[in-house]
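>>> here you go, sequence then predicted model.
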Amino acid sequence: MKKGIGKSHSKIILIGEHSVVYGYPAIAIPLKKIEIECVVEEAKTSFFYNKTDTLSVAVFTALRHLKKENAKIKYKVTSQIPPKRGMGSSAAVSIAAIRAVFDYFEENLDDELLEKLVHTAEIVAHKTPSGLDAKTCLSDKAIKFIKNKGFSYIDLNLDAYLVIADTGIYGNTGEAIQNVKNLGNKADISLKKLGELTDEITKILTKNIESKEEKVDKIGKIMTKANTELGNLNITIEKTDLFVKTAIENGASGAKISGGGLGGCVIALAKNLEIVEKIKDELLKCGAENIWVEKI
């Protein structure tokens, strides 16, 4: 049977969530081991378009570009990326689906066209996507992003590990954004500080002055400071605070929430695998639903 296959990977924000909305920089990291696969096959009936479903929107976007809107196809997705955790689930689904449709029809798909089609699908799903999720889910390298200014790639090469712990609670980006808005001018100090902290991490990553161990220590401390500022913006919760505290008590160089907030994931930076195992064990005891480890 004819088959089209498309894949993509996850992403996580290292630093700069929320402040990025206000024009400050953010850094996102691709999570290459956390994948999603979409398979497109022949069907007996025409494709049914559901504009409230991200996957359906992505498939339709690809079909429309190929002028095959009435194609008789069905699709199936296998995903390791949990939804609503700030891990790029929506963008990754769109990438995998569009790749699968093009593969099914044996059409060429370069990265520029793919990014354009993903952005079109994401606008339907998210109204005003920054493009950061899609860019990072397409990338092998970390990305620095500034709204209305663009992207640049960063080589991490820290020989360290990022521990990503899922609280099991859906993040609520909409409510979190509203919490920041409700603070009015009071939010400005924390947003500016988050921008400064992101710039500090960028300098550490792009200058080869310190040893890798010193870099990890400094970046970890900055991550923890960023978490304090995110707390000041009213987007942390009791469980994420517990995860951050637990990770640091068990050897993490630093830890913070990642993504929209009010749930979602906590990330912790660890120098070696021994520390990783300690952090994992304790976070599982604290109720982590899932834990991933990415070498960075």
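In hand now; what should we look at?
>>> give me the buried positions along stretch 288-296.
Of the residues in stretch 288-296, 288, 291, 292, 293, 294, 296 count as buried by neighbour count, 16 or more other C-beta atoms under 10 Å. For every residue, glycine as well, the C-beta is placed using N, CA and C.
>>> my bad, should have said stretch 226-235
Applying 16+ other C-beta under 10 Å to stretch 226-235 flags 226, 227, 229, 230, 231, 232, 233, 234, 235 as buried.
>>> same list (those residues) but as a markdown table, adding secondary structure.
What follows is these, written out as a markdown table (DSSP: H, G, I helix; E, B strand; the rest coil):
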| residue | secondary structure |
| --- | --- |
| 226 | helix |
| 227 | helix |
| 229 | helix |
| 230 | helix |
| 231 | helix |
| 232 | helix |
| 233 | coil |
| 234 | coil |
| 235 | coil |
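>>> for stretch 230-239, which outside residues touch it?
Where contact means C-beta atoms under 8 Å, 6 or more residues apart in numbering, the residues beyond stretch 230-239 that reach it are 17-18, 167, 169, 176, 179-180, 182-183, 187, 189-191, 194, 227, 241, 256-257, 260-263, 286-287.
>>> now these: which count as buried?
Buried members of the contacts of stretch 230-239, counted by 16+ other C-beta under 10 Å: 17-18, 167, 169, 176, 179-180, 187, 190-191, 194, 227, 256-257, 260-263, 286.
>>> what segments of the stretch 151-296 of the chain are strands?
Applying DSSP state E, counting those that start in this stretch to the stretch 151-296 of the chain gives strands spanning 161-166, 254-258, 265-270, 290-295.
>>> tell me the buried residues in the third one?
The neighbour-count check on strand 265-270 (16+ other C-beta under 10 Å) flags 265, 266, 267, 268, 269, 270 as buried.
>>> partner strands of it, with direction?
strand 161-166 (antiparallel), strand 254-258 (antiparallel) (DSSP bridges).
>>> return the most buried member of those strands.
For these, the largest average neighbour count (mean count of other C-beta atoms under 10 Å) is found in strand 254-258, namely a mean of 29.
>>> what is the distance between that strand and the centre of its chain?
In terms of C-alpha atoms, centre = their mean, to the nearest Å, the centre of strand 254-258 is found 13 Å from the chain centre.
>>> which residues touch the helix or strand encompassing residue 62?
Taking DSSP states H and E as the criterion, the element that holds residue 62 is helix 54-65. Contact with helix 54-65 is made by 38, 40, 47-51, 69, 71, 73, 75, 77, 90, 93-95, 97-98, 101-102, 113, 117-118, 120-121, 124-125, as judged by C-beta under 8 Å, 6+ apart.
>>> go through those residues and flag which are in strands.
The strands in this structure, assigned by DSSP state E, contain 38, 40, 73, 75, 77 from the contacts of helix 54-65.
>>> export those to TSV and append columns for pLDDT.
As requested, those are exported to TSV (pLDDT from 0 to 100):
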residue	pLDDT
38	98
40	97
73	96
75	95
77	96
